[in-house]
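Undergrad: quick one: sequence and predicted model below, then my questions.
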Amino acid sequence: KKLTGTSAQNRSIVKMAKAEPVEKKSTGKKAAVVGKSGKKLTGFMKFSKEKRETVKAENEGITFGQIGKKLGELWRGLDDDEKAKYNN
């Protein structure tokens with residue numbers, strides 16, 4: 001193939017064609033696994049997953065932060081036997 005353009009451009013094209021592929025360096029960060037954090041859910045998190053929709057339905061127009069606050073209050077109101085259900 002005949003190369004056109006300046007000789008500097010031609011040398012650049014030839015160098016790129018002969019260059020070996022460069023491996024990407026690792027940043028040391030692991031890719032997040034979608035849907036699984038690899039951590040065991042705490043009792044409070046299990047409780048929150050179960051009760052969140054109920055709290056939202058009972059308190060229409062409540063903000064995300066207020067839902068968390070309400071769930072925390074409900075969690076603190078549970079006795080140890082009820083919390084044990086979620087901690088297992």
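TA: Right, received. Where do you want to start?

Undergrad: please pull out the lowest mean pLDDT helix or strand from the protein.
TA: helix 7-18 (a mean of 68; mean pLDDT, DSSP states H and E).

Undergrad: what's the first helix or strand after that helix?
TA: helix 43-58 (DSSP states H and E).

Undergrad: who's in contact with that following helix?
TA: When contacts are defined by C-beta atoms under 8 Å, 6 or more residues apart in numbering, helix 43-58 is touched by residues 41, 62, 67-68, 70-72, 74-75, 78, 83, 86-87. C-beta coordinates here come from the backbone N, C-alpha and C atoms, glycine included.

Undergrad: mind listing residues that contact stretch 72-86?
TA: Gly43, Phe44, Lys46, Phe47, Ser48, Glu50, Lys51, Val55.

Undergrad: out of these, who has the most neighbours?
TA: Phe47 (21 neighbours; other C-beta atoms under 10 Å).

Undergrad: quick revisit: farthest-separated two in the contacts of helix 43-58?
TA: Greatest spatial distance among the contacts of helix 43-58 (C-beta to C-beta): Ile62 and Asn87, at 26.3 Å.

Undergrad: between those two, point out the one with more neighbours.
TA: Taking neighbours as other C-beta under 10 Å, Ile62 and Asn87 compare with Ile62 leading, 15 against 12.

Undergrad: quick one: low-confidence ranges for the protein?
TA: Across the chain, the ranges flagged by pLDDT under 70 are 1-6, 8-10, 13-14, 16-22, 24, 26-37.

Undergrad: could you rerun that using 50?
TA: Along the chain, the parts satisfying pLDDT under 50 run over 32-35.

Undergrad: now do the contacts for the nearest residue to Gln66 once chain neighbours are set aside.
TA: What sits nearest to Gln66 in space, not counting adjacent residues and going by C-beta to C-beta, 6 or more residues apart in numbering, is Asn59, at 7.4 Å. When contacts are counted by C-beta under 8 Å, 6+ apart, Asn59 is found next to Gln66, Ile67, Lys70.
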